[in-house]
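**Student:** build me a model:
(chains A, B, C and D)
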2 protein chains.
Amino acid sequence: MPNPQAKSRLTKMTKPTNRAEEAVADMGEQCLVKRSRLIGRTITGIYDDALRKVGVTAGQLNILAVVVRRGPISPGEVARYLHIERSTMSRNLERMKRNGWLTVCPGESARSQELRITESGRSIVLEAVPLWREAQSRTREILGAGGTEAIYRLADAIEERSVV
Amino acid sequence: MPNPQAKSRLTKMTKPTNRAEEAVADMGEQCLVKRSRLIGRTITGIYDDALRKVGVTAGQLNILAVVVRRGPISPGEVARYLHIERSTMSRNLERMKRNGWLTVCPGESARSQELRITESGRSIVLEAVPLWREAQSRTREILGAGGTEAIYRLADAIEERSVV
DNA sequence: TGCTCTAATATGTATATACAACATAATCGG
DNA sequence: CCGATTATGTTGTATATACATATTAGAGCA
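**Tutor:** Residues are numbered from 1 along each chain as shown, chains lettered A, B, ... in the order given. Take a look at the predicted model:
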């Protein structure tokens, strides 16, 4: 089955077009972003499934956990802890404030804010804890002990790097 | 610095409220979804950065690669290869068709479709290849040989599981 | 044949993500 | 003290993601 494009000599590329075929084979077999996204989507699905009954997502629970642990804390600091873009955090917090899980007060400097967990937010966390533990177990089963350890190491490698 | 909520005896929870504090410490130290999402976001950023100059995202390039390699192929099959929800794939493909990278024809049965790469899509792939290789290298540097290998193994574990 | 069940795709809605650009406030250097 | 730079947060825009649901078409069975 000859490729109709294979003989084109008018493209700007100096290499033969079947370069594309070779490259996409490499991508299928080696691409790290494809795999890291697969891992993220899959694990996120496990936690979101488990947490759905209390109406919180995995990402939201991680933010609540930071606020409980480090609060009062500014949006920017939460973003730095989780390595999430400030603008992303801004939108995420907006939803969580709307849900009544968090409150904001002006911080020390007029431009900064202080986030605090509300009673409602705290009870979400408390209800979520056992579901989170289940999801942790389910995930560990899928990944195995080695895979679980690998996730910790990978995250450490990334956090170290961002300190540089 | 005493916690004003710590002594509340009026909550509905039967356990002391500082359960939340203990649990969020566990989350900070052990949560796998927090870490898997960090890994996904970070690696995605590396590839998106590298690919930005040709105007394609990491996710889009992965889809193009599947279509080049396996096309003509239906949307559902692409979704299965990449373990992405069908409805997500539908939206992603919509954008890529709008960009002129893909075409759709009716497939064998009227309800299914056949995706094909266009000339324009193919040249996006060709331009993207060297940038993708750079991003692969940069990622490998950050993760190290062990981390890179771990990503492959984790993705394999997830793909095996979904076969079950 | 017709009825039910499943498969393929699309749509409505909600969340997550990031870049670019903005407004504003603090800080630092002179 | 003032001007440039940096830090904080928001908004506009675009992409990515998934669940629930609808639509339609094939498939299997009575």
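**Student:** which residues of chain A lie near DNA strand D?
**Tutor:** A:37, A:41, A:44-45, A:48-49, A:74-77, A:86-87, A:90-91, A:93-94, A:107, A:111-113 (CB under 7 Å from any atom of the strand). Every residue, glycine included, has its C-beta placed from N, CA and C.
**Student:** buried members of those residues into ChimeraX, please.
**Tutor:** Of the residues of chain A next to DNA strand D, the buried ones go into a single ChimeraX selection, burial set by 16 or more other CB atoms under 10 Å in any protein chain shown:
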select /A:37,41,44,48,74,75,77,93,113
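**Student:** quick check: the residue in chain A that DNA strand D sits nearest to vs A:Leu115, distance?
**Tutor:** Chain A approaches DNA strand D most closely through A:Gly76 (2.5 Å), counting by CB to the nearest atom of the strand. From A:Gly76 over to A:Leu115 the distance is 10 Å, taken as CB to CB, to the nearest Å.
**Student:** re the thing from before, restrict the residues of chain A next to DNA strand D to contacts with chain B.
**Tutor:** Among the residues of chain A next to DNA strand D, proximity to chain B is found for A:37, A:41, A:44 (CB under 8 Å from any CB of the partner chain).
**Student:** from those, which ones fall inside helices?
**Tutor:** Counted as lying in helices by DSSP state H, out of those, are A:37, A:41, A:44.
**Student:** pLDDT for those - can I get that in TSV?
**Tutor:** Shown next, in TSV, are those (pLDDT from 0 to 100):
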residue	pLDDT
A:Arg37	98
A:Arg41	98
A:Thr44	98
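**Student:** nearest to A:Leu131, of those residues?
**Tutor:** Proximity of these to A:Leu131 (CB to CB) peaks at A:Thr44, which lies at 14.2 Å.
**Student:** that closest one: what's it in contact with?
**Tutor:** A:58-59, B:33, B:36-37 (CB atoms under 8 Å, 6 or more residues apart in numbering or on different chains).
**Student:** and of these, the nearest to DNA strand C?
**Tutor:** A:Gly59 (3.5 Å).
**Student:** go through the helix or strand encompassing that closest one and flag the buried ones.
**Tutor:** Using DSSP states H and E, A:Gly59 maps to helix A:58-70. Buried residues in helix A:58-70, defined by neighbour count with 16+ other CB under 10 Å: A:58-69.
**Student:** quick one: which of the residues of chain A next to DNA strand D sit in helices?
**Tutor:** Those of the residues of chain A next to DNA strand D lying in helices (DSSP H): A:37, A:41, A:44-45, A:48-49, A:75-77, A:86-87, A:90-91, A:93-94.
**Student:** quick check: the farthest pair among those residues?
**Tutor:** Longest span within these, CB to CB: A:Asp49 and A:Gly76, 31.0 Å.
**Student:** where does pLDDT dip in chain A?
**Tutor:** Residue ranges of chain A with pLDDT under 70: A:1-17, A:162-164.
**Student:** measure A:Thr44 to A:Gly59 for me?
**Tutor:** The value you get for A:Thr44 to A:Gly59, if CB to CB is used, is 8 Å.
**Student:** and for the two, which residues touch both?
**Tutor:** With CB under 8 Å, 6+ apart as the test, A:Thr44 and A:Gly59 both reach B:Arg37.
**Student:** which residues in chain A form strands?
**Tutor:** Here chain A has its strands, by DSSP state E, at A:102-106, A:113-117.
**Student:** what's the most buried one of those?
**Tutor:** Between the strands of chain A, strand A:113-117 has the highest mean count of neighbours, a mean of 19, where neighbours are mean count of other CB atoms under 10 Å in any protein chain shown.
**Student:** which residue does chain A bring closest to chain B?
**Tutor:** A:Gly40 (3.0 Å; CB to the nearest CB).
**Student:** just to check, that residue is in contact with B:Arg35?
**Tutor:** No. Assessed by CB atoms under 8 Å, A:Gly40 is found out of contact with B:Arg35, at 9.5 Å.
**Student:** grab the longest helix from chain A for me.
**Tutor:** Longest helix in chain A, counting by DSSP H: helix A:119-163.
**Student:** and that one, what other elements does it pack with?
**Tutor:** Contacts defined by 3 or more CB pairs under 8 Å, 6 or more residues apart in numbering or on different chains; DSSP states H and E place helix A:119-163 against helix A:32-51, helix A:58-70, helix B:19-30, helix B:32-51, helix B:119-163.
**Student:** and the shortest one, anywhere near chain A?
**Tutor:** Yes. For a cut-off given as CB under 8 Å from any CB, helix B:19-30 has contacts with chain A, namely B:19-21, B:23-25, B:27-28, B:30.
**Student:** next, the buried residues of that helix.
**Tutor:** Quick answer for helix B:19-30 (16+ other CB under 10 Å): B:20-21, B:23-24, B:27-28.
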